[in-house]
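everything below, folded, please.
(one chain, ligands or ions: 1)
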Amino acid sequence: MAVPNQPPPLRVLMVAAEFDPFAKTGGLADVMASLPRALTRRGLDVRVAIPRYGSVDLTAVTRRPGIARFDLPFNGRDERVRLDAVELDGFEVLLIDNEHYVSARPGIYGYPDDGHRFTFFARAALETARVLDWRPDVIHCHDWHTGLIPNWLRTTHSHATEFADTASVFTIHNLEYQGHFDASVLETAGLAPDGLIPHPTRADLSDVFVFMARGILFADKINTVSPRYAGEILTPAFGHDLDPLLRDRESDLHGILNGIDTDAYNPATDPHVTNHFSRATLDRRAPNKTALQQTLGLPVRPDVPLLGMVTRLAEHKGLDLLLASLPHILDRGAQLVVLGLGEPRYEEALREMAHAHPDQVAAAIRFDNPLASRIYAGSDIFLMPSRHEPCGLGQLIAMRYGSVPVVRATGGLADTVDDVDPANDTGVGFVFNRYDPIDFFGAVARALELYRFPETWRQIVRRGMTRDSSWDVSAAAYQRLYTNALTTRRTQPSPTLAALS
Ligand code: GLC
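Next up is the predicted model:
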């Protein structure tokens with residue numbers, strides 16, 4: 001029954017290239033699965049549009065197949081779009097399929113025509129609002145793959161009745177990945193009349209179409225995933241050549257810290273954790289370390305500190321710092337397990353270290369969610385020496401699972417991990433500032449030192465496990481951001497284009 005005088009719930013269409021568990025390479029997928037849930041709990045009406053890549057496995061979920069089919073004129077052809085819907089915890093995931101651009105490709109990224117693929121996906125996502133007759137108040141776009149939606153809403157689609165009042169929010173999960181493609185995308189995207197936008201800093205990129213820049217320029221509100229990173233990206237050191245655009249839009253730029261799904265990431269219920277435990281039953285944590293050492297073929301030594309890392313093997317994750325200081329860490333007698341995939345040079349270096357030190361180093365060069373949970377639950381210390389880190393979810397999960405993080409003071413790592421001060425019984429991890437192997441080693445050495453004092457260590461672990469990393473506070477901040485985006489949409493007809501001319 002309709003409640004009188006109750007405004008209808010805010011309708012939000014989220015659009016992204018990843019969604020856990022259907023398509024995942026990193027933290028974006030986790031956020032896409034957990035933020036809508038938190039917003040739904042606040043009473044918002046949320047739908048999420050993602051591509052149905054060939055590798056998406058829907059066998060474990062109930063779906064409504066083929067809720068709509070339509071033709072989208074694209075790149076000189078009529079492309080058939082098919083929509084499947086999956087209902088999850090009160091919100092709906094729309095899986096967008098087209099044989100040519102989507103389901104014929106098992107992978108998420110890395111095809112030569114990715115510029116066209118994601119233009120197609122973003123166009124089809126926009127079209128779903130029309131086809132399903134469900135008009136979103138806000139389209140919340142995530143990362144470069146969706147950067148054209150704010151552009152269309154402010155230009156080609158600004159007068160379409162369906163979208164006349166639709167605001168856009170653009171979230172930057174990682175500014176480093178921007179989607180650079182040749183200018184043919186302009187034509188495909190129907191944006192040729194306005195031409196390319198001059199690159200703010202790089203003359204050599206004057207012919208390049210940058211998806212991320214479009215999102216930044218045209219969205220009603222922009223945000224990124226921690227307050228610290230929102231400040232960092234305004235500077236040339238973190239701006240990846242787009243900092244002038246971000247500075248122009250500083251008054252519309254926000255930093256909202258990511259949360260994690262505390263129901264899914266719970267060491268008392270996580271099905272992959274060997275021996276369940278909580279803050280109140282911390283004694284039950286120890287068997288997880290034993291099991292992890294056994295699984296990895298490391299000597300089972302409860303007294304030896306076990307360091308863990310679950311990461312994409314990319315330069316900015318601090319792999320150089322790890323490799324440079326590893327001999328010194330091993331000299332101290334610690335064990336290390338690294339789980340991840342990525343750049344071949346790091347994969348090889350880690351395999352070599354594991355080969356040279358079979359009693360101390362284990363390298364699992366793969367993507368393996370169950371093992372990730374076991375590392376969070378079984379390691380003593382969790383390493384995140386990132387050069388930059390927009391938010392970082394690993395440190396949040398590690399703390400919740402009782403592994404103490406060692407992090408560099410950057411982005412969300414700085415916002416979520418306070419340095420341990422044993423004299424005052426404060427802090428949840430070990431923080432270093434300079435991106436330098438000596439400084440990183442200094443933080444690890446401090447951690448190893450305190451690990452020798454079991455009662456002090458337990459207090460650190462407990463404080464970390466007590467930290468609230470749920471979405472509650474941040475979902476409320478997103479709701480405010482959506483409302484503010486609607487105001488911008490209504491009161492500033494086209495601020496960006498005016499600023500550009
Ligand atoms: C990207 C960022 C990471 C962030 C995640 C989710 O993967 O690199 O720091 O936590 O997106 O927003």
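
so what's Leu497 scoring on pLDDT?
What the model reports as pLDDT for Leu497 is 52.

nearest residue to Pro358 other than its sequence neighbours?
Gly297 (7.2 Å; C-beta to C-beta, 6 or more residues apart in numbering). Any C-beta I mention is one placed from the backbone N, CA and C, and that applies to glycine too.

quick check: pLDDT value at the closest residue to the ligand within the stretch 151-300 of the chain.
Nearest residue of the stretch 151-300 of the chain to the ligand, counting by C-beta to the nearest ligand atom: His173, 3.4 Å away. On the pLDDT scale, His173 is placed at 98.

tell me how far it lies from Trp144.
Distance, His173 to Trp144, using C-beta to C-beta, to the nearest Å: 9 Å.

which of these two has more neighbours?
Per other C-beta atoms under 10 Å, whichever of His173 and Trp144 has more neighbours is Trp144, with 27 against 22.

give the contact list for that one.
By C-beta atoms under 8 Å, 6 or more residues apart in numbering, the contact set of Trp144 is 118, 177-179, 211-212, 215.

which phi and psi values does it adopt?
Main-chain torsions, Trp144, degrees, to the nearest 10: phi -60, psi -30.

with Arg105 instead?
Main-chain torsions, Arg105, degrees, to the nearest 10: phi -110, psi 120.

verify the stated contact: it with Arg117.
Yes. Contact criterion C-beta atoms under 8 Å: Arg105 and Arg117 qualify, at 7.5 Å.

quickly list what's touching both of these two.
Tyr111.

quick one, which of the two is more surrounded?
Ranked by neighbour count (other C-beta under 10 Å), Arg105 and Arg117 place Arg117 first, with 22 against 19.

doesn't that one lie inside a helix?
Yes. According to DSSP: H, G, I helix; E, B strand; the rest coil, Arg117 belongs to a helix.

quick one, what contacts it?
Contacts were defined as C-beta under 8 Å, 6+ apart; by that measure Arg117 touches 101-102, 105, 111.

repeat for Lys24
18, 30.

and it, how close does it get to Asp252?
30 Å.

what about stretch 103-122, how long is it end to end?
Start-to-end span of stretch 103-122 (C-alpha to C-alpha, to the nearest Å) is 15 Å.

buried stuff in that stretch?
Neighbour counts over stretch 103-122 (16 or more other C-beta atoms under 10 Å) mark 103, 105, 108, 113-122 as buried.

now, which of the residues you listed sits nearest Tyr346?
Of all those, Ile108 has the smallest distance to Tyr346: 20.3 Å, by C-beta to C-beta.

right, and that closest one touches Phe19 too?
No. The criterion here is C-beta under 8 Å, and Ile108 misses it with Phe19 at 10.4 Å.

quick check: residues of this structure near the ligand?
Contact residues, the chain versus the ligand (C-beta under 6 Å from any ligand atom): 26-28, 31, 173-174, 225, 258, 389-393.

just the C-alpha atoms of stretch 392-403, please, in PDB.
C-alpha atoms of stretch 392-403 as PDB (Å, rounded to 0.1, in the frame of the first residue of the first chain):
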ATOM      1  CA  GLY A 392      42.400  -0.300  -0.800                       C
ATOM      2  CA  LEU A 393      40.100  -3.000   0.500                       C
ATOM      3  CA  GLY A 394      42.800  -5.600   1.500                       C
ATOM      4  CA  GLN A 395      43.800  -3.700   4.700                       C
ATOM      5  CA  LEU A 396      40.100  -3.500   5.800                       C
ATOM      6  CA  ILE A 397      39.600  -7.200   5.300                       C
ATOM      7  CA  ALA A 398      42.900  -8.000   6.900                       C
ATOM      8  CA  MET A 399      42.100  -6.000  10.100                       C
ATOM      9  CA  ARG A 400      38.700  -7.600  10.300                       C
ATOM     10  CA  TYR A 401      40.300 -11.000  10.100                       C
ATOM     11  CA  GLY A 402      43.000 -10.200  12.700                       C
ATOM     12  CA  SER A 403      46.000  -9.700  10.400                       C
END
